[in-house]
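K.L.:
sequence? don't have it. structure:
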């Protein structure tokens, strides 16, 4: 019973460390994702503002209809790059979360097994 108690305490300690590490890594990933998201939003806002400014300038000077082609191509290119960066960030976050869950799974399985063994040992001791 003493070895079982020590094993259970060790398991609970390991589970607590896994939970703490998992919580810390989730917070770090969330912060990184939010930071990337803010950067993407800032860049998109800048692109839209530049586009609106260019359109106003073109309209005020009655520029030819193809005057915005270069701006449109640049905005389309930057928007495409933003979409790719956002997708990459989401994939990275998803992959990291899957890895974290996979790392925590053995400890949770071990906890369930130790609890079952403890219950069996308690039932056996009670039966005596």
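P.N.:
All right, it came through fine. Only a predicted model underlies this, so the values are computations on that prediction, with no experimental measurement involved. Numbering: from 1, shown residues only.

K.L.:
What separation do you get for residue 78 and residue 21?
P.N.:
Note on residue 78: its distance to residue 21, by CB to CB, to the nearest Å, is 38 Å. Using the backbone N, CA and C atoms, a C-beta is placed for each residue, glycine as well.

K.L.:
hang on, residue 104 packs against residue 18?
P.N.:
Yes: using CB atoms under 8 Å, residue 104 makes contact with residue 18 at a distance of 5.2 Å.

K.L.:
out of these two, which sits in the busier spot?
P.N.:
Here residue 104 and residue 18 are compared on neighbour count by other CB atoms under 10 Å; more neighbours surround residue 18, at 18 against 15.

K.L.:
what's the next secondary structure element after whatever helix or strand the more buried one lives in?
P.N.:
If you go by DSSP states H and E, residue 18 is part of helix 2-60. Going down the chain from helix 2-60, the next helix or strand is helix 69-127, by DSSP H and E.

K.L.:
elements contacting that following helix?
P.N.:
helix 2-60 (3 or more CB pairs under 8 Å, 6 or more residues apart in numbering; DSSP states H and E).

K.L.:
The helix it packs on vs helix 69-127, what angle?
P.N.:
Relative orientation of helix 2-60 versus helix 69-127 (axes from the mean of the first three to the mean of the last three CA atoms, to 10 degrees): 160 degrees.

K.L.:
From the chain's centroid, how far away is helix 2-60?
P.N.:
5 Å (CA atoms, centre = their mean, to the nearest Å).

K.L.:
same question for it, mean pLDDT?
P.N.:
On average, the pLDDT along helix 2-60 is 87.

K.L.:
so how far is residue 79 from residue 3?
P.N.:
62 Å.
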